[in-house]
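J.: Just the structure for this:
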Amino acid sequence: MGIFSRKNETPAVAVASAGPDLTALTGDYTVDSAHTTLGFVARHAMVTNVKGSFTDFTGSLHLDGSDPSKSTASFDVRMESIETGNADRDGHLKSADFFKTDEFPMMTFRSTSAEYLGGDDYRITGDLSILGTTKPLTIDLEFNGSAKDPFGNERVGFEGKATILRSEWGLTWNAALETGGVLISDKIKLNFDISAIKNA
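T.: Got it, this is the predicted structure:
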């Protein structure tokens, strides 16, 4: 909300911001995996953070600029593509202790609702499926803008973040530390940097 008045006048009316005009962006988009990051951060040994990402995925967006509540998002992530910068750790994450990638090769997200929060901020809620378990996930998104790239593609960009408890999806493996606490945090921070190209 904003209040506009001239000097020495009493503010009279609060004017609600309409937000950016995204009507021209309405349409279907394909996520550009080469310029998109699906990342996560976990606390390790109670003292440091381990960062990782998934490198093999597909995604699609439907944007409705005039009514953001009609916008949707869908992602399919190949779990074998997990990367944390350490081959041994990546192998452990793919094993039966964690993602069981032989049995559950994919992680999926399907949106169920979307809302405009004001300014460049949006919120999308959907079903996140890992290890055969589906739970709701809410992601706060910031619209980074739109542009036509040198190849003539109409692009949009979003940054997103969310926090989950991995145990809610059956990811419970851990190890106790001699000094107290556990090796890996239950709380996982998710971060997304998404670039998508409008379909012809």
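J.: ok, the nearest residue to residue 134 once chain neighbours are set aside - contacts?
T.: Nearest non-adjacent residue to residue 134, counting by CB to CB, 6 or more residues apart in numbering: residue 127, 5.0 Å away. For glycine as for every other residue, the C-beta is placed from the backbone atoms N, C-alpha and C. Residue 127 makes contact with 108-110, 112, 134-137, according to CB atoms under 8 Å, 6 or more residues apart in numbering.
J.: Also residue 133?
T.: Residues near residue 133 by CB under 8 Å, 6+ apart: 168-170.
J.: Likewise for residue 56?
T.: Neighbours of residue 56 in contact, by CB under 8 Å, 6+ apart: 33, 77-78, 80-81.
J.: cutoff 7 Å now
T.: 78, 81 (CB atoms under 7 Å, 6 or more residues apart in numbering).
J.: And the pLDDT for it?
T.: The predicted local distance difference test score for residue 56 is 98.
J.: Give me the phi and psi for it.
T.: phi -120, psi 110 (degrees, to the nearest 10).
J.: Can we start the residue count at 8 from this point?
T.: From this message on, residue numbering opens at 8, which makes the last subject residue 63.
J.: where's it relative to residue 157, distance?
T.: Here the distance between residue 63 and residue 157 works out to 26 Å (CB to CB, to the nearest Å).
J.: Give me the pLDDT for the residue lying closest to residue 29 once chain neighbours are set aside.
T.: If you skip the residues right next to it in sequence, residue 29 has residue 72 as its closest partner in space, 3.3 Å away by CB to CB, 6+ apart. Model confidence at residue 72, expressed as pLDDT, equals 88.
J.: ok, residue 72 touching residue 33?
T.: Yes - counting by CB atoms under 7 Å, residue 72 sits close enough to residue 33 to count as a contact (4.5 Å).
J.: which residues does residue 205 contact?
T.: The neighbours of residue 205, taking CB under 7 Å, 6+ apart as the test, are 34, 36, 161.
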